[in-house]
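Student: How does the following fold in three dimensions:
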Amino acid sequence: MLSSVTLNLNSDFRRVYARGKVYTDPALVTYVLKNRAGICRIGITASKKIGNAVQRNRARRVIRAATEMLPGIAGGYDIVFVARTKTIRKKSTEIRSVMERQLLAAGVIRRNEE
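Tutor: Numbers count the residues shown, from 1 in each chain. Modelled structure (predicted):
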């Protein structure tokens with residue numbers, strides 16, 4: 001389970017967008033940037049391109065549920081998840097697998113070595 005703080009300042013989002021590394025998928029875009037805080041901060045966004053308020057809220061809810069199922073993430077990262085139009089048609093388990101792939105590529109989480 002992921003213990004994190006929510007990113008909610010516009011300046012924080014803009015900094016991650018400007019300096020962070022981008023990982024894309026048809027269902028989700030992930031921005032990752034190292035921070036000095038030593039904790040993981042997560043932000044979730046859904047633009048009006050997604051649809052009306054009900055669809056945007058569903059997309060954010062699916063992403064939030066997927067982040068709760070993720071294995072432990074190393075501290076010291078700011079992560080922004082951006083919903084896409086395909087996000088609203090996917091389940092949280094499908095979004096979680098996309099997140100894992102993107103975060104593995106970013107080096108934020110490691111494979112379980114059992």
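Student: In the protein, where is pLDDT below threshold?
Tutor: Along the chain, the parts satisfying pLDDT under 70 run over 1-4, 111-114.
Student: Run through the helices of it in chain order.
Tutor: According to DSSP state H, the chain carries its helices in the segments 10-19, 53-68, 92-106.
Student: List just the one of the ones you listed that sits closest to Ile44.
Tutor: With CB to CB as the criterion, Ile44 lies closest to helix 53-68 of those, at 5.0 Å. Glycine gets a C-beta too; all of them are placed from N, C-alpha and C.
Student: The closest one packs against which elements?
Tutor: Applying 3 or more CB pairs under 8 Å, 6 or more residues apart in numbering; DSSP states H and E, one finds that helix 53-68 makes contact with strand 41-45, strand 77-83, helix 92-106.
Student: so which of those gets nearest Met69?
Tutor: Met69 lies closest to helix 92-106 among the helices and strands packed on helix 53-68, at 5.1 Å (CB to CB).
Student: about what we covered before: make TSV out of the helices of the chain and add distance to Gly76 and mean neighbour count.
Tutor: Listed next are the helices of the chain as TSV, based on distance: least, CB to CB, whole Å; neighbours: other CB atoms under 10 Å:
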stretch	distance to Gly76	mean neighbour count
helix 10-19	13	13
helix 53-68	17	18
helix 92-106	12	18
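Student: export these to a markdown table and tack on distance to Val32?
Tutor: Listed next are the helices of the chain as a markdown table, based on distance: least, CB to CB, whole Å:
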| stretch | distance to Val32 |
| --- | --- |
| helix 10-19 | 8 |
| helix 53-68 | 13 |
| helix 92-106 | 4 |
